[in-house]
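Enquirer: Dropping the sequence and predicted coords here.
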Amino acid sequence: MKAIAISAYGDVDQLHEEELDIPQIANDEVLVKIKATSINPIDWKARMGFLKQMYDWQFPVVLGWDLSGIITQVGKDVKHFKVGDEVFARPDIYEDGTKGTYAEYAAVKEDKLALKPSNVSFEAAAAIPLAGLTAWQVIVDRLKIKKGDKVLIQAGAGGVGIFAIQIAKHLGAYVATTASAKNAEFLTNLGADEVIDYHEHQIGEVLNQYDAVFDTVDDLEAGLAILKPTGKLVTIAGRPTQAQQDAQPSATSWWLQPNGKQLAELGDLVAEGEVKVIIDSTFPLTEDGLRAAHERSQTNHARGKIVINVE
């Protein structure tokens, strides 16, 4: 199968086409013919070698941890999916570094899969898993946002922020977010009640007594300063000190846990129009396509998700 891989850590020029074997599936896995994948910051951070201490991969390494596609084979222990099902997933990060989703096929464990709603395109479905599940798990599970809560979501125009704003509004929260002025109307239309231009204001100048902060930019001190004593901050970008974790208000960090059941619930919200998938740009599964997609992601100015069309 065709895949886009790296054979050394470094810049975008390391991304190159490889011909690899189609993955062999375990009993609890399915084989998915990939229709689309998407780019996340973890992709280019991994390409640059920032995950070396976490994953001892041998080269070549295929990056990518989002997919949508069609099941072509199922393991003997798989009970809830069949050949021909249209699915989407955030697969596990395997010790075998060749099992990423910048490829024509991927193996996915059954418990990480969700059926793709029929009215959601493969491109949109591929944009949901990593960013959408990260937002879901922080807003719903960690911050436990409920109706009437006041929550700040940092960097609202990013892939995670866009999902977080919409999920928090669906739960009935008052949502503030930070963004550049050019994104203010866009985020208001997605449901944000207040958009703070981070070029003009510090959040502490305009916000106080908040119930929750979702930090995606590693600005923990400023986030903690606007919280009620009972408030909570969850970060996916910083590392709270022990003192920050023990204090009131408190700060904790979160790392995504792939979960097919939660992904299915999120997919239902997208299918019902409660959550919109925003696609910034699309690129083909080629060396030039992936290099351009990584460069776009690294600007930190993408509005929504960057999608790779595999076919």
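Expert: Structure received. Just so it is clear, the model here is predicted, and its values are computed rather than measured.
Enquirer: Give me the number of neighbouring residues for residue 118.
Expert: 7 (other C-beta atoms under 10 Å). Yep, even glycine has a C-beta here, placed from its N, CA and C like the rest.
Enquirer: residue boundaries of the strands in the stretch 51-200 of the chain?
Expert: Remark: strands assigned in the stretch 51-200 of the chain by DSSP state E, counting those that start in this stretch are 61-62, 67-74, 86-89, 105-109, 113-115, 150-153, 174-179, 194-197.
Enquirer: In this protein, spot the strand with the most residues.
Expert: Taking DSSP state E as the criterion, the chain has its longest strand at strand 29-39.
Enquirer: Output the next helix or strand after that strand as CSV, nothing but the C-alphas.
Expert: Helices and strands here follow DSSP states H and E; after strand 29-39, the next one along the chain is helix 41-47. This file holds the C-alpha atoms of helix 41-47, laid out as CSV (Å, rounded to 0.1, in the frame of the first residue of the first chain):
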residue,chain,number,x,y,z
PRO,A,41,-0.1,19.3,15.9
ILE,A,42,1.0,16.0,17.4
ASP,A,43,1.8,14.9,13.9
TRP,A,44,4.5,17.5,13.2
LYS,A,45,5.7,17.4,16.8
ALA,A,46,6.3,13.7,16.3
ARG,A,47,8.0,14.3,12.9
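Enquirer: helices and strands around helix 41-47, which ones?
Expert: helix 287-298 (3 or more C-beta pairs under 8 Å, 6 or more residues apart in numbering; DSSP states H and E).
Enquirer: Buried ones in the helix it packs on, by neighbour count?
Expert: By 16 or more other C-beta atoms under 10 Å, the buried positions in helix 287-298 come out as 289-294, 296-298.
Enquirer: Could you check how far the nearest residue to residue 48 once chain neighbours are set aside is from residue 55?
Expert: Distances taken as C-beta to C-beta, 6 or more residues apart in numbering put residue 9 closest to residue 48, at 6.1 Å, once the chain neighbours are dropped. For residue 9, the distance to residue 55 equals 12 Å [C-beta to C-beta, to the nearest Å].
Enquirer: Compare these two (neighbour count), which wins?
Expert: Set residue 9 next to residue 55 and count neighbours by other C-beta under 10 Å: residue 9 wins out with 16 against 12.
Enquirer: Show me what whatever helix or strand residue 270 lives in is in contact with.
Expert: Residue 270 belongs to helix 260-271 when assigned by DSSP H and E. Identification of contacts with helix 260-271 by C-beta atoms under 8 Å, 6 or more residues apart in numbering yields 88-90, 110-120, 124-125, 128-129, 132-133, 136-137, 163, 166-167, 170, 275-277.
Enquirer: ok, now with 10 Å
Expert: Contact with helix 260-271 is made by 80-81, 87-90, 108-120, 124-125, 127-129, 132-133, 135-137, 140-141, 163, 166-167, 170, 259, 274-277, as judged by C-beta atoms under 10 Å, 6 or more residues apart in numbering.
Enquirer: Go through those residues and flag which are in helices.
Expert: Under the assignment DSSP state H, the contacts of helix 260-271 contribute 124-125, 129, 132-133, 135-136, 163, 166-167, 170 to helices.
Enquirer: Reformat the residues you listed as a markdown table; add neighbour count.
Expert: Listed next are the ones in helices among the contacts of helix 260-271 as a markdown table, based on neighbours: other C-beta atoms under 10 Å:
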| residue | neighbour count |
| --- | --- |
| 124 | 23 |
| 125 | 30 |
| 129 | 31 |
| 132 | 31 |
| 133 | 24 |
| 135 | 28 |
| 136 | 23 |
| 163 | 31 |
| 166 | 24 |
| 167 | 24 |
| 170 | 16 |
